[in-house]
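Student: Coordinates for the following, if possible.
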Amino acid sequence: MLDDRSAPRTVTVDRSRPVRLTRRGLLQGLASGSVVALTGCVANPHLGGREQLMLVSDSQLAAMSGTTWQQVTQQYRPVRRGHMAQAVDRVGHRIVGASGLDPNRNWQFTLLDSNEVNAFVLPGGQVAFFEGITQKFQNEDQMATVMGHEVGHVAGRHAAERASQQLVAGLGMTVAQVIIASSDTRYAAEIAGVLGAGVTFGYILPYSRQHEYEADALGLRYMARAGYQPRESVRFWQNMMGSGQQVTEFMSTHPSDRNRIAALNHQIQSLG
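Tutor: Modelled structure (predicted):
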C-alpha cells in the first residue's frame with residue numbers, strides 16, 4: 001500500500017500477479033501528489049520469460065470478452081454449418097491443443113458472415129474468422145497460419161499488456177479506479193470505459209509491431225506442433241500481397257508485408 005508521508009516511495013508488488021492496491025491508499029497517494037513507481041511486471045513463459053507490464057488481469061478482460069462477443073455476433077451472423085465453418089473449428093482446436101494453453105478456457109472458433117478480410121481474437125478465447133479472409137486460403141495450413149497468430153496473441157497476453165500500457169499513458173484518477181477494480185466490482189463500468197469495451201474493443205484494439213511479430217512466431221510454433229506446414233505462412237502472405245489486398249486492414253497495427261515475410265522465413269529456419 002502507499003505511504004501517506006510526502007516523500008516519494010516505491011510500491012513493490014508480487015510479480016506473479018497484476019498490481020492490486022487498496023482504494024483508500026491509492027486515492028490518498030494521488031491526492032497528495034506522491035510519485036509512485038508501480039512494479040507490475042510479470043514474466044511470460046510463452047515469450048521466453050519476457051517481462052510484461054500487467055495492471056489489468058486476464059479475468060477482467062475475459063469477463064468483458066463475453067459481453068463484446070455477444071455484441072459482435074449480433075452485428076455479424078455466425079455461420080454454423082458448412083465445410084468452412086467446420087474447418088475453422090477443427091483448425092482452432094488443433095492449434096490450441098498444440099499451444100499448451102488451457103483447453104478448458106471458453107474457446108470458440110466461429111465463422112462470421114461478412115466479406116471483410118479479417119480475423120480477431122478476444123482475451124476470453126473467442127476467435128472469429130470473417131468469410132472474406134477464408135476466401136484467401138489455398139489450404140488448411142494457411143488457415144492455421146492465421147489461427148496460430150490469433151492464439152499467439154492470447155498466449156502472449158497482448159491484450160492485457162496493451163491495455164496496461166494505455167492505462168499508464170493516461171495515468172490519472174480514471175486509472176486509479178481501474179486498478180481499484182481489481183478488487184472492487186463496483187468500478188466495472190470505469191474499467192470497461194478505459195479499455196474501450198464494446199465491439200471496437202474486440203478487434204480494433206491496436207497491438208504493437210512487437211506483439212505482431214511475437215504472435216507470428218508463436219503461431220509458427222503451434223502450426224508445426226499441430227502438424228501443419230509453417231512454409232504455408234509465407235505463401236499466404238505472398239498471396240495476400242499478390243492479390244492487391246490491403247493487408248494493413250488486417251491484424252491491427254502490424255509490420256510491413258515484406259518485413260513480416262522476412263521475419264517468418266527467419267523463424268521457420270530456426271524451427272529446424
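Student: Low-confidence stretches in this protein?
Tutor: 1-40, 166-207, 242-255, 272 (pLDDT under 70).
Student: Could you pull up phi and psi at residue 42?
Tutor: Dihedral pair for residue 42: phi -130, psi 130, per degrees, to the nearest 10.
Student: Pull the number of nearby residues for it.
Tutor: For residue 42, the count of nearby residues is 20 (other CB atoms under 10 Å). To be clear about C-beta, it is placed using only N, CA and C from the backbone, and glycine gets the same treatment.
Student: Please apply the same query to the one 10 residues further on.
Tutor: Neighbourhood size, residue 52 [other CB under 10 Å]: 18.
Student: Sheet partners, orientation included, of the helix or strand hosting it?
Tutor: Taking DSSP states H and E as the definition, residue 52 sits inside strand 50-53. Strand 50-53 has these partner strands in its sheet, going by DSSP bridges: strand 41-44 (antiparallel).
Student: Of all the residues in the partner strand, which ones are buried?
Tutor: Using 16 or more other CB atoms under 10 Å as the test for burial, strand 41-44 gives 42, 44.
Student: same thing with stretch 229-239?
Tutor: Of the residues in stretch 229-239, those buried (16+ other CB under 10 Å) are 229, 230, 231, 232, 233, 234, 235, 236, 237.
Student: Specify which member of those residues is nearest to residue 82.
Tutor: residue 236 (21.3 Å; CB to CB).
Student: before we move on, the earlier item: could you export the strand holding residue 52 as PDB, CA atoms only?
Tutor: Extracted C-alpha coordinates of strand 50-53, given in PDB (Å, rounded to 0.1, in the frame of the first residue of the first chain):
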ATOM      1  CA  ARG A  50       9.800 -11.500 -21.400                       C
ATOM      2  CA  GLU A  51       8.500  -9.300 -18.700                       C
ATOM      3  CA  GLN A  52       5.200  -7.500 -19.300                       C
ATOM      4  CA  LEU A  53       3.500  -4.700 -17.500                       C
END
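Student: picking that back up, pipe the buried residues of stretch 229-239 into TSV and attach distance to residue 42 per row.
Tutor: Shown next, in TSV, are the buried residues of stretch 229-239 (distance: CB to CB, whole Å):
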residue	distance to residue 42
229	34
230	29
231	34
232	33
233	29
234	32
235	36
236	32
237	31
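Student: Now intersect those residues with the helices, please.
Tutor: Counting by DSSP state H, these place 231, 232, 233, 234, 235, 236, 237 in helices.
Student: got JSON lines for those, with distance to residue 136 too?
Tutor: Listed next are these as JSON lines, based on distance: CB to CB, whole Å:
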{"residue": "231", "distance to residue 136": "17"}
{"residue": "232", "distance to residue 136": "12"}
{"residue": "233", "distance to residue 136": "13"}
{"residue": "234", "distance to residue 136": "14"}
{"residue": "235", "distance to residue 136": "11"}
{"residue": "236", "distance to residue 136": "7"}
{"residue": "237", "distance to residue 136": "10"}
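Student: Pop the domain breakdown of this protein in here.
Tutor: 9-57+157-198, 59-156+206-271 (automatic domain parsing).
Student: ok so, going back, out of the ones in helices among the buried residues of stretch 229-239, the closest to residue 129 would be?
Tutor: Among those, and counting by CB to CB, the member closest to residue 129 is residue 236, at 13.3 Å.
Student: My read is that that closest one contacts residue 148, right?
Tutor: No. When contacts are counted by CB atoms under 8 Å, residue 236 is not listed as touching residue 148 (11.0 Å).
Student: so what's the backbone phi/psi at residue 104?
Tutor: Torsion angles, degrees, to the nearest 10, at residue 104: phi -90, psi 0.
Student: Kindly report the same for the one 5 residues further on.
Tutor: Torsion angles at residue 109 (phi, psi; degrees, to the nearest 10) stand at phi -120, psi 110.
Student: gap between the closest residue to it other than its chain neighbours and residue 128?
Tutor: Leaving out its chain neighbours, the residue that sits closest to residue 109 by CB to CB, 6 or more residues apart in numbering is residue 92, at 3.1 Å. According to CB to CB, to the nearest Å, residue 92 stands 10 Å off from residue 128.
Student: cool, residue 163 as well?
Tutor: From residue 163 over to residue 128 (counting by CB to CB), the distance is 19 Å.
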